[in-house]
Each structure stands twice: as structure tokens, then as C-alpha cells.
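Engineer: just a sequence and a predicted model for now, questions to come.
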Amino acid sequence: MKLISRNLLMMLIPTTILIVSCNDDDSNESIDGSPTEALTVQEVKTSMEATQVSDEVDDIVDYMVVSDLGSSSNKQTSTSSKGWLPDCYTISTEASGDDFMITLDFGEGCEMPDGRNIAGMLTMTKSNVSDSTSFTRNSEVKFESFTIDSVTVNGSKTYQHTFADDENPKTMVASEITLLWEDESTMQVNSEKTREWIEGFDDGEWGNSAFLVTGTTTVINKDGVTYTSEVTTPLRAELSCNYIVSGVLALSKDEASAEVDFGDGTCDDKAMYSDPEGNTTEITLKK
């Protein structure tokens, strides 16, 4: 299919939501003595850490869709996508009617390109829908003894990858997962996101690719405290950079709130944190 061959590479943002820390103060206190209506830096870090773990799964699924479409079209995938997953995992497939199931087994642990360690199994059930102008891959992902840096992931994720003529490729992701840390703290992550591949999908050059991410995420800790983050200006990620280069993320908990502005497109590890009164502080982004 012309459409698929044009869009073999669909690796979207590798871990786009990043942990945030303040340059001078990483405590539970509000920045610069801000009133209690402002989320603390530590609360922002905790919420984003849970989101980051969830995003790691999305990277793997996107890669598998790219590889599978490349294989099914009998064409070689772009050199940009080759070798992204480590060699230490095994893959098996099973067909059931119109559905196919892919199981990735990372065994006791595999180091990912971003340095995270993944262990256990991820199972993806997939089905395809196509017509003369578009192709859609629907997938559901579940987990078995699956951990990311010793954080256990349970629950499920659903994906809809859409490739349409004269449109940018898009992925809609819905997550309902629970994360369990070794100290027995837990977080529930529910999110709905859209990822649009806006640059680089025609030439297959990894360094030229750029993406826009929109959507919302809700994180609930073991005490029932709920944190919500919403992309108010689309987050732009360029695959040549390890950090989000622009966009705005709004975070809230009850009446408390904060905002993170990732900048003007420059590739750096800096962002601006704003409290409800408009006080701003430069913060450092960490993977």
C-alpha cells in the first residue's frame, strides 16, 4: 500500500513527559514562599514521574507497530528505527481469527536506549482497519510481571494508530494503569493523549522527526490525592533532542495549581515554572 510504505516509521516521542526539579530547592516547600495554592516542586516531580513510566510503554508499542508495518509491506524499515529495542528481549506471535497477539518477553531485565531497565512481559493484541485512503491499527496492551526500573506496571493501554493520505500520522493512547514501587507506594495513571507526527515522516530520517502531543493525565496516589495535568499548548518534541523544546503543561490538585513552560523551541534542559500568582522560577528537566 502506498500509504504504509510512505509512513513505515511511526516511533513517536520517546518519553516526552519529564521529571522536573528546581535548581536551588528540591524540598516539599513551595517555590519562593508562594502561597499554598501553588503545587510544590516535589508534587510536580511525583506526578510527572508516574507519567514518564507510562510513556515508556508507549515508546515500545510505537516501535512494534513501525516494525510490524515494515515487515508486512515487505519493505525494509528506516535505518532510524533499526536496533532501537535491545537484543535481549524475545518476541512471539499468535493468530486468532482476525486478531493477532504479540508477546514481548524482556526476561529478568533489558536496558533500554534511555537507560531504563525493563523486565517481564508485555502482550499486545492488534487488529487492522483499512480503506482506499487510510490505514488504522487498533491495539490493546496488557502486562505480566512487567517492571520499569523496579516499578511494577499493571492494567491496560489501548492504541489507535492512524495513517491517512494527505494527513500527518496520529496515535491516540488511552491508559488505565497502576504503578507499584518497591516501597509499596502506588499510583494510578489514567490518560488520554494524541500524538501527531508533524515533521520527518516522509524522509525517514530520525533526526528530522518532530511531534506534537496533546491531552490530559490524572495521577492518583495511594492516599487518594489526585493530580491532573493538561497540555494547554501542544508539547513539541524533536527526536534530535532529549527534552521537550516547547509547549505548556498545566498541573493541578484541588485548588492548588502550577504551570510548566518548556520554552521557545531551543533544545535544552530548562523550563519555566509559574505559580498561580505569576511568580516564575527556572527549573531543570531530567529524563
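Structural biologist: Received, thanks. Numbers count the residues shown, from 1 in each chain.
Engineer: quick one: the helices in the chain?
Structural biologist: Using DSSP state H, the helices found in the chain span residues 2-6, 41-72.
Engineer: going by mean pLDDT, which of the ones you listed comes out lowest?
Structural biologist: The stretch with the lowest mean pLDDT among the helices of the chain is helix 2-6, at a mean of 42.
Engineer: from D165, how far off is the residue positioned nearest the centre of the chain?
Structural biologist: Closest to where the C-alpha atoms of the chain average out (CA atoms, centre = their mean) is D55, at 2.7 Å. D55 sits at a distance of 29 Å from D165 (criterion: CB to CB, to the nearest Å). Any C-beta I mention is one placed from the backbone N, CA and C, and that applies to glycine too.
Engineer: and for D269?
Structural biologist: When CB to CB is applied, the distance between D269 and D165 equals 38 Å.
Engineer: mind checking pLDDT for S145?
Structural biologist: Here the pLDDT value assigned to S145 is 96.
Engineer: residues contacting it?
Structural biologist: Contacts of S145 were listed using CB atoms under 8 Å, 6 or more residues apart in numbering, and they are A119, G120, M121, T152.
Engineer: the same query, at a cut-off of 7 Å, please.
Structural biologist: With CB atoms under 7 Å, 6 or more residues apart in numbering as the criterion, the residues that contact S145 are G120, M121.
Engineer: now it: how far from A210?
Structural biologist: Distance, S145 to A210, using CB to CB: 35 Å.
Engineer: low-confidence stretches in the stretch 1-150 of the chain?
Structural biologist: In the prediction, the stretch 1-150 of the chain carries residues with pLDDT under 70 at positions 1-36, 66-84, 97-98.
Engineer: now the strands for it?
Structural biologist: Assigned by DSSP state E, counting those that start in this stretch, the stretch 1-150 of the chain shows strands spanning 19-22, 90-96, 99-105, 110-111, 117-130, 134-148.
Engineer: including distance to H161, could those go into a markdown table?
Structural biologist: Formatted as a markdown table, the strands of the stretch 1-150 of the chain follow (distance: least, CB to CB, whole Å):
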| stretch | distance to H161 |
| --- | --- |
| strand 19-22 | 27 |
| strand 90-96 | 18 |
| strand 99-105 | 14 |
| strand 110-111 | 24 |
| strand 117-130 | 9 |
| strand 134-148 | 4 |
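Engineer: which of these sits closest to V173?
Structural biologist: If you check each of these against V173 by CB to CB, strand 134-148 wins as the nearest, at 9.8 Å.
Engineer: in CSV, could you pull the C-alpha coordinates for that closest one?
Structural biologist: Only the C-alpha atoms of strand 134-148 are listed here, as CSV (Å, rounded to 0.1, in the frame of the first residue of the first chain):
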residue,chain,number,x,y,z
SER,A,134,-6.4,5.3,5.3
PHE,A,135,-5.0,2.5,7.5
THR,A,136,-5.7,2.1,11.2
ARG,A,137,-4.1,-0.3,13.7
ASN,A,138,-6.0,-0.8,16.9
SER,A,139,-4.1,-2.4,19.8
GLU,A,140,-4.6,-3.3,23.4
VAL,A,141,-1.6,-3.9,25.7
LYS,A,142,-1.6,-5.8,29.0
PHE,A,143,1.2,-6.7,31.4
GLU,A,144,2.6,-9.8,33.2
SER,A,145,5.2,-9.3,35.9
PHE,A,146,6.2,-6.2,33.9
THR,A,147,8.6,-3.7,35.6
ILE,A,148,10.3,-0.5,34.6
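Engineer: partners of it, with directions?
Structural biologist: Each strand that pairs with strand 134-148, with its direction, by DSSP bridges: strand 117-130 (antiparallel), strand 151-164 (antiparallel).
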